[in-house]
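Colleague: structure for this input, please:
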Amino acid sequence: MKPRASGKSGHPPMLATRFSQLIFKSNFLWFCLAWLLIILSWELGSWMEWFNPQILPPPSETIPYAFSGNITIGFGQQKTGLLESTAVTLGRVGAGMLIGLLVSSCLAVMVIELPVLRRLILPIVQSLAPIAPVAWIPFTIVVIGIGGPAAVFIVFMAVLGTMTLSLIAALDGIPTEYLKIARNLGTSRMRMWRYVRLPAIIPGTMTAIRMSFFGAWMAVLAGEMAGLNSGLGYMIIMAQQMYNMKLVMIGILTIGFIGFVIDRLLLLINTRLLRWVQ
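Modeller: The predicted model follows:
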């Protein structure tokens, strides 16, 4: 009877241990804890007057303002809200990245299939990749003008160089044994790309897309701050000029939150694709 009693008394500690391990491994809980610490430190700093509340409003004022439904900026036809600005910015980033991915893929395929073009395309791409997206803003305004297409072009230029180089590196990194075996089996070029090359570069491609997204996200915000009249970047710069620091902080937090969510979605897609390939 005593062993049974000790076994029963041992279940609660085991359940507690498993529960604590589950909490420790939960990324979501750690994410919430990290942001809770930031908010508490922010509030404490404002209460202790370490920060100027006129410049950095405390969360007790910023968070209620975020859910007040009065988050708008501008006048007349240029008046815009947070949701509208977010949708506009996401649309520009999506369009620019899609065009950049298509062009980068075409350039990478050309480099692999036509070795002569490698000597022509690679120097150009390697020269474009180090150029900061902000440097394209004056050129874009002169050539394209101010508006949505200008922001899409800035995003496109921000991802073109790095995406192309990443795809070429992933294709060059495919083990030669895979290609030799496929050729010995009489595999055509189309089937080689479909069943050998594309599955092999999925991990590298998804990592390149995730890194390019951060560059595109920063590029479109810089472009909107520099002269566009819509989007999150425009909303933040207008709020700063009108000294609406609550809206500035809400815009900054929105940028960080959306960037985090999209990165998690891309990581989830990468995991699902890897399962499908395997």
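
Colleague: when you work out contacts or count neighbours from here on, use the C-alpha atoms and nothing else.
Modeller: Fine.

Colleague: how many residues are close by P130?
Modeller: Residue neighbour count, defined by other Cα atoms under 10 Å, stands at 11 for P130.

Colleague: now do the contacts for it.
Modeller: G161 (Cα atoms under 8 Å, 6 or more residues apart in numbering).

Colleague: check T140 too.
Modeller: Applying Cα under 8 Å, 6+ apart to T140 gives the contacts A150, F153, I154.

Colleague: try it again with 6 Å
Modeller: A150 (Cα atoms under 6 Å, 6 or more residues apart in numbering).

Colleague: quick one, domains of this structure?
Modeller: 2-51, 72-277 (automatic domain parsing).

Colleague: P59 is nearest to which of these?
Modeller: With Cα to Cα, the closest approach to P59 among the domains of the chain belongs to domain 2-51: 5.9 Å.

Colleague: avg pLDDT for that closest one?
Modeller: Averaging pLDDT along domain 2-51 yields 68.

Colleague: the nearest residue to I201 once chain neighbours are set aside and T254, how far apart?
Modeller: Leaving aside its sequence neighbours, I201 sits nearest to A170 (Cα to Cα, 6 or more residues apart in numbering; 5.5 Å). Between A170 and T254 the distance is 33 Å, computed by Cα to Cα, to the nearest Å.

Colleague: tell me which of these two has more neighbours.
Modeller: A170 (20 against 16).

Colleague: pLDDT value on the more buried one, please?
Modeller: A170 is given a pLDDT of 88.

Colleague: surely it is within a helix?
Modeller: Yes. Checked against DSSP: H, G, I helix; E, B strand; the rest coil, A170 lies within a helix.

Colleague: and after the helix or strand that contains M163, which helix or strand comes next?
Modeller: Under the criterion of DSSP states H and E, M163 resides in helix 148-172. For helix 148-172, the following helix or strand on the C-terminal side (DSSP H and E) is helix 176-184.

Colleague: which strands and helices sit next to that following helix?
Modeller: Applying 3 or more Cα pairs under 6 Å, 6 or more residues apart in numbering; DSSP states H and E, one finds that helix 176-184 contacts no other helix or strand.

Colleague: name the residues of the helix or strand following that helix that come out as buried.
Modeller: The element immediately downstream of helix 176-184 (helix or strand, assigned by DSSP H and E) is helix 189-192. By neighbour count on 16 or more other Cα atoms under 10 Å, the buried set for helix 189-192 is M192.

Colleague: could you tell me the least trusted of the domains of the chain?
Modeller: Among the domains of the chain, domain 2-51 carries the lowest mean pLDDT (a mean of 68).

Colleague: nearest residue to I168 other than its sequence neighbours?
Modeller: In space, I168 is closest to A108, 5.4 Å off (Cα to Cα, 6+ apart).

Colleague: do the same with S60
Modeller: In space, S60 is closest to E43, 7.2 Å off (Cα to Cα, 6+ apart).

Colleague: now T89: how far from A216?
Modeller: Counting by Cα to Cα, the gap from T89 to A216 is 11 Å.

Colleague: higher neighbour count, these two?
Modeller: A216 (27 against 24).

Colleague: distance check, W50 against M238.
Modeller: Distance from W50 to M238, by Cα to Cα: 26 Å.

Colleague: no no, P138
Modeller: 20 Å.
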